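Peer 1: give me a 3D structure for the following:
(2 chains)
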Amino acid sequence: MLSLGDPPARRRLIVLPAWNEEAAIGSCLDEILEVLPDWDVVVVSDGSTDHTSIVARSRGVAVIDLPFNLGVGGARRAGFSYAVREGYTDVLQIDADGQHDPREVQHLVDVMAETGADVVIGARFAGRGDYAVAGPRKWAMKLLSAVLSKVCGTTLTDTTSGLKLCGPRANAVYARDYPAEYLGDTVEALVIAARSGLVVRQVGVAMRERAGGVPSHSPLKAATFLVRAMLALAIALTRPAKALEQETS
Amino acid sequence: MSYVLPVIFVVVTIVTMVLLMRRRVMKERFTVWWAILCVGVVIFAVFPSVLPFVAEHLGFQTPSNFVFFVASIMLVLMSVQFSVEISRLEEKTRTLAEQLGILRTQMEQRSSVTTVALTPETVQLIDNAEPNEGSE
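Peer 2: Residues are numbered from 1 along each chain as shown, chains lettered A, B, ... in the order given. Predicted coordinates for the structure are as follows:
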């Protein structure tokens, strides 16, 4: 671990997966570039069929154009792969919908420096901010939190958060093995972290309302979420260590 | 003479498999199932008394039930094999797409080459620029 005294040795990258986000990505990038000038930014345009790529390029940031839609997991793995190839030490995952406030990123950086963690999660329900969900979705998230806290050996309250800071060891692991399935990119990614011996920590962050789109509260969708989350968790936890090694070889 | 039809079936199947493999449109590992099927059909056709004997000793009330059972098991196993193969291919395609995107970005950064951003308009241009010649 590098000490706080030599920040120039660290190369920092923000990975912004975006799928048809032409409406939100411009202002999102402007804010990031203004608040976090020390970070490089790469937008992973996940098979966008609108002007996401052009808008991102107009802000002067690197853009990875994926030839077709891979899902958020694929876009994130591409981001990790790019970071490792380009020699970045810190990779920040952030959502392009404006839900994450770039001003909160410093909290994640501080926690990583203090604890020497490999993965720091920006959690929505850790005391700060007023983000809330209710009903079955909440139970599902609580259950996920309880199990994953145990697996990772630390208290986690928001396991499906898209705001994450990863250090060099985590980048190397995720560049090879980052699940692409629904919920795999959050739930299974944490299991992979724990099994690879990475240190996971969380820090509470304030979230904003999403710039576009309304989070769904339909009970049916919540129930589906619960079942899929449990399935993803069960599969991830019972995956043989051999399969992990084979995939990474 | 009762086994003429099965033998024709076997011959047609084997010839089809060999032709498909010769044209390289099918890999050997997918022909294993059909080979097993052919062996079974030949045995039961040449020795007609074997089928009722085996079926009875395995607890099937009629020989045809036994045949249907074995056939459905084989079909299930084949679809499992296909699912596995498709998943593998999907994973490979995904990795290729990621690496392709990264390579293009790195190429742009390191040289004066600029590639075109993917937008609805440019995708249409690219599609029109390359008439589909490869197929047939």
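
Peer 1: could you use CA atoms for every contact and neighbour count after this?
Peer 2: Will do.

Peer 1: was I right about A:V41 contacting A:L13?
Peer 2: Yes: with contact defined as Cα atoms under 8 Å, A:V41 counts as touching A:L13 (5.6 Å).

Peer 1: and the residue nearest the centre of chain B, how close does it get to B:V11?
Peer 2: Centroid-nearest residue in chain B, with Cα atoms, centre = their mean: B:F30, separated by 5.8 Å. Look at B:F30 and B:V11: by Cα to Cα, to the nearest Å, they are 18 Å apart.

Peer 1: touching, A:A232 and A:A180? I think so.
Peer 2: No: counting by Cα under 8 Å, A:A180 is not a contact partner of A:A232; they are 11.4 Å apart.

Peer 1: neighbour-wise, which of those two wins?
Peer 2: A:A180 (21 against 18; other Cα atoms under 10 Å in any protein chain shown).

Peer 1: which parts of chain B sit against chain A?
Peer 2: Applying Cα under 8 Å from any Cα of the partner chain, we find that chain B lies next to chain A at B:94, B:97-102, B:104-105, B:117-120.

Peer 1: let's see which of the residues you listed end up in helices.
Peer 2: Judged by DSSP state H, helices contain the following of the residues of chain B next to chain A: B:R94, B:A97, B:E98, B:Q99, B:L100, B:G101, B:I102, B:R104, B:T105, B:P120.

Peer 1: counting neighbours, which of the residues you listed comes out on top?
Peer 2: Going by other Cα under 10 Å, B:E98 tops those with 27 neighbours.

Peer 1: contacting residues around the nearest residue to A:V200 once chain neighbours are set aside?
Peer 2: Among residues not flanking A:V200 along the chain, A:V119 sits closest, at 4.8 Å (Cα to Cα, 6 or more residues apart in numbering or on different chains). Contacts here follow Cα atoms under 8 Å, 6 or more residues apart in numbering or on different chains; on that basis A:V119 touches A:M112, A:K164, A:L165, A:C166, A:G167, A:A170, A:A193, A:L198, A:V199, A:V200, A:R201.

Peer 1: most neighbours, which of the residues you listed?
Peer 2: A:L165 (28 neighbours).

Peer 1: so that one is in which element?
Peer 2: strand A:164-166 (DSSP states H and E).

Peer 1: next: A:A194.
Peer 2: Assigned by DSSP H and E, A:A194 belongs to helix A:189-195.

Peer 1: one step back: could you export the residues of chain B next to chain A to a markdown table, including columns for distance to A:R228?
Peer 2: As requested, these are exported to a markdown table (distance: Cα to Cα, whole Å):
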| residue | distance to A:R228 |
| --- | --- |
| B:R94 | 22 |
| B:A97 | 26 |
| B:E98 | 26 |
| B:Q99 | 29 |
| B:L100 | 31 |
| B:G101 | 30 |
| B:I102 | 31 |
| B:R104 | 35 |
| B:T105 | 35 |
| B:A117 | 35 |
| B:L118 | 33 |
| B:T119 | 33 |
| B:P120 | 34 |
